[in-house]
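**Q** Quick check, what structure comes out for this input:
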Amino acid sequence: MQTPDNRALDLHKLSRFTNPLLACRESFATDFTVKFAKAIRDDSCELVGCVAMANLNYFMQAAPDPFVQASHASGATGLIPSLIMACKGYRSATDSLCRLLQTPDADLVNKFVTYTASFNFISFIGATLRYSVDHVAPTLSKPVQYLISILTAHCSQRTTNGGDQSGHSRQRMALYLTSQRVWHDTFKSLQDIKPQTSLPLADLILQARLKHHALQAWKDYGLSLRLREDDTDVVTLKGPSEPCAEGCGSARAATAFSTVTFNVRRAIGTLVIEMYARRCDELPKAMSPSNIIDTGQGLQVPAVEVRQTFLAQAIARGEDFDPDDVPWYEVLSREPETIVAWIKFMHKEHWEIVFLLSDLTEVLEDEEECTKIWPAVAADNLPGVLMKIILDPDTFSEDESSFHFTDLNYGNDVLTTLAPCLTMLRRILEPDDWEETASQRDVQCVYNILDTLPQFCERMWGLRHFIQIPKEEFPREIANDTFQSSAILCVATMACLHEDILILPELDVLAAHFLLYSWTYSSDEDEARQVLQFVYRLLKADDSDSGREQFVKTLMASNDGFPTDFVDKICYYLRDESLVGKDAQVLLRILQVMTMADAEKVLVRVALADNSDLLQSVMTAQMFATDAVVLTFQLLGAAVNVERYKNFCGKYNFIATLACATMDVVGLGDPDYLKIVKALLLAHSAIWGKRPRAGPPSASHQSSVESTKRIWHDTLESLKAVRTFDAAHSMVKADGLDAWRKLGSLLHLADGVNVKTLHVPSDLSQERAYWKIPKRCFYNPCACSFRANHHLRVCKGCFRALYCNLTCQNSDWKAGHRLLCKGSADAD
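**A** Coordinates of the predicted model:
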């Protein structure tokens, strides 16, 4: 945000800065107030708070009225409480607060008094008053005395009106309780201020006046709350620092107890002060009765019990410590700040840590419970501590003589606990404005964990042998499945975090290697599809030939049977009827990229093997024709095996795919692509040339002939309609047309003779039960209209037509199905 110069500005200059902003939107003052409140409460960036405070100060000088209205609309995070908080860090906040309160508005004064009590603002006012006198700062003393006068008038008015003679008003009681703690000490310190002989005479006189006015203002405020300098029950804060007040959560005392952590909570009839000291010798001193004093908050406490945290008790017991005595759920709910210390304390010492990790994982996986304990565990970098254990060479040891802390089960426990931690970090960074909403603690936690991404992926890749290869004769081990699912989740989430904060990880980080290897042997369908999409993004981001070649080479060498297992898994997915839309496209494109980068042609050899089903499987995905065709051609190249090709081209209606490819290559004008298409067209023609002269044609031959006749004329017209952009493109078009005409001549098909077109409305099925309808796409130009080898959707208007997807259904609707569908529905 741009701000005016810090030098003194007159009102005219300020108005030129503020008026356009206030006029740009009616709610600007309210919006700015909300933003200001967030900036002031953000301890991670002092500069943002400084800029916000400076701008608000200019606004309050030039046009305070809109911000007065904004103060009414805001709640506990509004302008007045935010200014009260800002006063402790920015001197100009006091001036802005005074300007706001100069408005004759009783509601604003009530808010100021309320927040003064709840935020213990009177302590700051007293300290600032002393400072202004001691350092001869009249510009600071004046606004502070004004704030004191507001409090004095407010309290005096209540007493005069007789509404609070006994002092039991909730608001006045809150002011009394907070003021009682500091009033006497502040009054005495003001009295004890001595003239500084080194000051000039004018400053000495000014200091004396400031002291007189300050004492009078402070005395008047005390009288309004019935506090006097000669009180017998004087409360002083001189002495050891006291434990934090109830409700403050976990805090550190400022002086004597700086090494002891306190957590004060209210039990039944007791104020329990729980302590945790980092060294056992600190506990006796911290727990001595002389160090436990009344908080002065007006709490009616019958007894005060001082008790160590569970961890402190464990440390104190030493060798007598029994982990079975620790109620872990109680530790997690009441003492989350000790969780990381517990893990460090028990790791490699007490095998019962697995119970802590199990309960901790359960809490972290519950979003609501995780939110409660997260600030405490993130402050101690829980994800980083777990990662350090995982990267320890001893973890996941396969030494049969090892016991606990090194076996697969313990490593799985740590991995399983790390996974929800990473998920929580991703959830924190999910909003678009995470840079403003996420705390500095969480952001630092993310950067710490991302620094370990290369080592973590390398570690998981080195442990890939734990991922079980499915074999019917051997049952799957639960521990291996746990490792696989937890490791996939951790690697994928860390890589996504890297993408959210920075960029996608490089291919050499081994994240894509591990994820694709795990996918090959995974049985989790939902997990598998997410992995495929992320792997494709990683491959797409690194378009260097060397990077992709090394990726494929490393992956193919991961184990002896991986290439075959990988191709088998692709075949399984391509034949899955539920694999539609983007999922199928992603899978085909991954295979396409890997085939192109396979310098040693491992995938091609596997695909062309006699026992491979890859080519047939790719053809079943014809509803995504372009990807399937390109991939098939790249796998086959010019080495077309006619004997194998004829076995499935008719069954899978491959001529429809070839028609799409021919139109594609003519439209692109790619001569290299055309060579592959022509080779396949020749192979298709050779199938008919090998038909026996005697006897009826085979079912495969007849299927190929019928499917070709259906689409030949429409494809020819589409090829003729292609516009060329240069001579080379014209040659490709002419060559493509010639190849397509030669294919038709074998079936006695000619341009303009016995024309059959598919661009007509679909014929409705005569079957009333849609599950009996023939399994084909009813959009005639679709490659699957002759036969479909995938899942189809039914038209919900007539229930008498099936389609590949919404695209085919919309196209047929435009072609005229809407009339047939409406007529069928009316007839029914």
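**Q** burial of residue 560, as a residue count?
**A** A total of 8 residues lie near residue 560 under the criterion other C-beta atoms under 10 Å. All C-beta spots, glycine's among them, are computed from the backbone N, C-alpha and C.
**Q** ignore the last one, residue 316
**A** Other residues lying near residue 316 total 14 when counted by other C-beta under 10 Å.
**Q** That one is in contact with residue 308, isn't it?
**A** Yes - look at residue 316 against residue 308 with C-beta atoms under 8 Å: they come within range, at 6.9 Å.
**Q** got the residue ranges for the helices in the stretch 351-500 of the chain?
**A** Secondary structure of the stretch 351-500 of the chain, counting by DSSP state H, counting those that start in this stretch: helices at 353-365, 367-379, 382-391, 408-428, 434-437, 440-450, 453-462, 478-501.
**Q** Is residue 529 within a helix or a strand, and which one?
**A** Of the helices and strands defined by DSSP states H and E, residue 529 is found in helix 525-541.
**Q** check contacts around residue 569.
**A** When the contact criterion is C-beta atoms under 8 Å, 6 or more residues apart in numbering, the partners of residue 569 are 519-521.
**Q** So in this protein, where's the weakest helix or strand by average pLDDT?
**A** Scoring the helices and strands of the chain by mean pLDDT, DSSP states H and E places strand 250-252 at the bottom, with a mean of 32.
**Q** Pull out the buried positions in the helix or strand harbouring residue 589.
**A** Assigning secondary structure by DSSP H and E places residue 589 in helix 582-597. Within helix 582-597, the residues that count as buried by 16 or more other C-beta atoms under 10 Å are 583-597.
**Q** again with stretch 542-551
**A** Buried residues in stretch 542-551, counted by 16+ other C-beta under 10 Å: 542, 547-548, 551.
**Q** Tell me the one among these nearest to residue 130.
**A** Ranking those by separation from residue 130, with C-beta to C-beta as the measure, puts residue 542 on top at 64.1 Å.
**Q** confidence score at the closest one?
**A** We note a pLDDT of 80 for residue 542 in this prediction.
**Q** before we move on, what about the one 3 residues further on?
**A** pLDDT recorded at residue 545 is 83.
**Q** what's near enough to touch residue 708?
**A** Contacts for residue 708 were tallied using C-beta under 8 Å, 6+ apart; they are 655, 684, 743-744, 747.
**Q** Let me have the buried residues of stretch 542-551 in CSV, extended by distance to residue 140 and secondary structure.
**A** Conversion of the buried residues of stretch 542-551 to CSV gives the following (distance: C-beta to C-beta, whole Å; DSSP: H, G, I helix; E, B strand; the rest coil):
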residue, distance to residue 140, secondary structure
542, 60, coil
547, 63, helix
548, 67, helix
551, 66, helix
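**Q** Residue 500: which of these is nearest?
**A** Looking at the buried residues of stretch 542-551 and their distance to residue 500, the nearest is residue 542, at 18.3 Å (C-beta to C-beta).
**Q** you'd agree the closest one is up against residue 509?
**A** No - the pair residue 542 / residue 509 is not scored as a contact, 10.2 Å apart, by C-beta under 8 Å.
**Q** before we move on, the earlier item: which of the helices of the stretch 351-500 of the chain comes out lowest on mean pLDDT?
**A** For the helices of the stretch 351-500 of the chain, the weakest mean pLDDT is recorded on helix 434-437, namely a mean of 78.
**Q** In CSV, list the C-alpha atoms belonging to that helix.
**A** What follows is helix 434-437, C-alpha atoms only, in CSV (Å, rounded to 0.1, in the frame of the first residue of the first chain):
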residue,chain,number,x,y,z
TRP,A,434,-2.7,-18.1,2.4
GLU,A,435,0.2,-15.7,2.6
GLU,A,436,-2.0,-13.5,4.7
THR,A,437,-4.0,-16.1,6.6
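**Q** Name the residues of it that come out as buried.
**A** Residues of helix 434-437 include none that count as buried (16+ other C-beta under 10 Å).
**Q** try stretch 335-353
**A** Buried, per 16+ other C-beta under 10 Å, within stretch 335-353: 335-343, 345-347, 350, 353.
**Q** Mind checking which of those land in helices?
**A** The members of the buried residues of stretch 335-353 that map onto helices under DSSP state H are 339-343, 345-346, 353.
**Q** remind me which residues of the stretch 601-750 of the chain are low pLDDT?
**A** 607-654, 686-704, 706-707 (pLDDT under 70).
**Q** what are the C-alpha coordinates of the strand or helix carrying residue 604, in PDB please?
**A** Using DSSP H and E, the secondary-structure element containing residue 604 is helix 602-607. The C-alpha coordinates for helix 602-607 follow below in PDB (Å, rounded to 0.1, in the frame of the first residue of the first chain):
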ATOM      1  CA  VAL A 602      11.200 -51.600 -23.800                       C
ATOM      2  CA  LEU A 603       7.600 -50.700 -23.900                       C
ATOM      3  CA  VAL A 604       7.300 -51.300 -27.700                       C
ATOM      4  CA  ARG A 605       8.800 -54.800 -27.300                       C
ATOM      5  CA  VAL A 606       6.300 -55.600 -24.500                       C
ATOM      6  CA  ALA A 607       3.400 -54.100 -26.500                       C
END
